[in-house]
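Chemist: quick one: sequence plus predicted model below, questions after.
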Amino acid sequence: MEQTRREREILLLAMNAGRILLENGAEIFRVEETIDRICRHFGLKSANAFVLSNGIFLTCGNETETQFARVQVIPVNAANLSRVAEVNQLSRRIESGAYTLEEAEAELTRIEHMPGFSRRIQTTASAISGACFCFMFGGGIRDMLCAMVIGALLQVYLMLLGKPRFSKIVCHLLGGAGVTLLCLLCCQTGLGISLPAMLMADIILMVPGIAFTNGIRDIADGDYIAGSVRILDAILVFFSAALGMGVLIALWNYLGGGVRL
């Protein structure tokens with residue numbers, strides 16, 4: 001009975017480690033490798049994990065080990081690579097014998113509750129990124145200042161209104177439209193000069209680059225289903241933001257704004 005309980009604790013530890021990795025943007029092969037490292041170190045030789053972009057299937061059992069099966073659905077969330085790095089290092093320290101099962105569970109709980117970046121830091125980073133992208137796309141000082149303010153407002157919208165209240169498609173559609181409207185108003189009032197530079201600088205802030213890159217890596221590693229799902233999810237975000245931008249520009253022209261890109 002005690003052996004059965006310990007085996008279940010090992011499998012749950014491995015499942016939770018995989019869940020934290022997957023929901024924070026880790027690649028499929030990394031999740032499977034981490035689960036395998038933990039199970040094998042603690043003596044479960046028959047554990048097998050099948051990982052998709054939004055779910056983990058974990059089974060274990062043979063003539064000497066208890067039968068175990070668990071499925072966990074994991075939504076596609078924003079990436080937090082600091083947690084991915086922590087869990088990745090934890091699995092290697094477990095494999096080296098640095099942690100007992102109980103210590104590993106406590107460390108995994110600590111990692112799971114690690115605070116992310118504060119809203120102030122995210123907003124500041126979005127503002128600075130908008131200004132830098134605007135410079136890269138050929139904008140001047142005034143354009144950079146406009147892109148900085150719009151980037152900050154975009155991040156506030158995504159944190160407080162978009163992602164908590166709307167679906168991903170609606171969130172980025174409205175975000176693309178809002179960014180376009182603010183850029184048009186900046187050019188209309190003379191605050192900004194280069195509309196294309198400001199538009200590209202702030203629209204690119206909504207692009208899920210990590211998800212798209214990991215999708216390509218998953219396909220390259222042979223995880224075609226998971227990779228295709230991640231790439232499709234990223235493409236939907238691209239399309240939604242572009243659609244919002246296009247609709248707003250068409251409406252602006254229809255009302256007599258006369259925008260030229």
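Modeler: Thanks, I have the structure now.
Chemist: please count neighbours and contacts with C-alpha atoms only from this point.
Modeler: Noted.
Chemist: and the helix-or-strand element of the chain with minimal mean pLDDT, what other elements does it pack with?
Modeler: Taking mean pLDDT, DSSP states H and E as the measure, helix 163-165 is the helix or strand of the chain with the lowest mean score, a mean of 75. Helix 163-165 sits against no helix or strand, with contacts defined as 3 or more Cα pairs under 8 Å, 6 or more residues apart in numbering; DSSP states H and E.
Chemist: so what touches the helix or strand following it?
Modeler: Moving toward the C-terminus from helix 163-165, the next helix or strand (DSSP states H and E) is helix 168-189. The list of residues contacting helix 168-189 from outside it, by Cα atoms under 8 Å, 6 or more residues apart in numbering, reads 146-147, 150, 154, 157-158, 162-163, 192-195, 198-199, 202-203, 206, 236-237, 240-249, 259.
Chemist: same thing but at 6 Å, please
Modeler: G162, G192, I193, S240, A241, G244, M245, L248 (Cα atoms under 6 Å, 6 or more residues apart in numbering).
Chemist: one more: stretch 93-106?
Modeler: H41.
Chemist: where along the stretch 1-150 of the chain do the strands fall?
Modeler: 48-52, 55-60, 68-73 (DSSP state E, counting those that start in this stretch).
Chemist: now do the first one, average pLDDT.
Modeler: With pLDDT averaged residue by residue, strand 48-52 scores 86.
Chemist: tell me what angle it forms with strand 68-73.
Modeler: Counting by axes from the mean of the first three to the mean of the last three Cα atoms, to 10 degrees, strand 48-52 lies at 10 degrees to strand 68-73.
Chemist: with distance to N54, secondary structure and pLDDT added, can I get the contacts of helix 168-189 in JSON lines?
Modeler: JSON lines is the format used below for the contacts of helix 168-189 (distance: Cα to Cα, whole Å; DSSP: H, G, I helix; E, B strand; the rest coil; pLDDT from 0 to 100):
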{"residue": "G162", "distance to N54": "21", "secondary structure": "helix", "pLDDT": "74"}
{"residue": "G192", "distance to N54": "42", "secondary structure": "coil", "pLDDT": "87"}
{"residue": "I193", "distance to N54": "43", "secondary structure": "coil", "pLDDT": "89"}
{"residue": "S240", "distance to N54": "21", "secondary structure": "helix", "pLDDT": "91"}
{"residue": "A241", "distance to N54": "23", "secondary structure": "helix", "pLDDT": "91"}
{"residue": "G244", "distance to N54": "27", "secondary structure": "helix", "pLDDT": "92"}
{"residue": "M245", "distance to N54": "29", "secondary structure": "helix", "pLDDT": "91"}
{"residue": "L248", "distance to N54": "33", "secondary structure": "helix", "pLDDT": "91"}
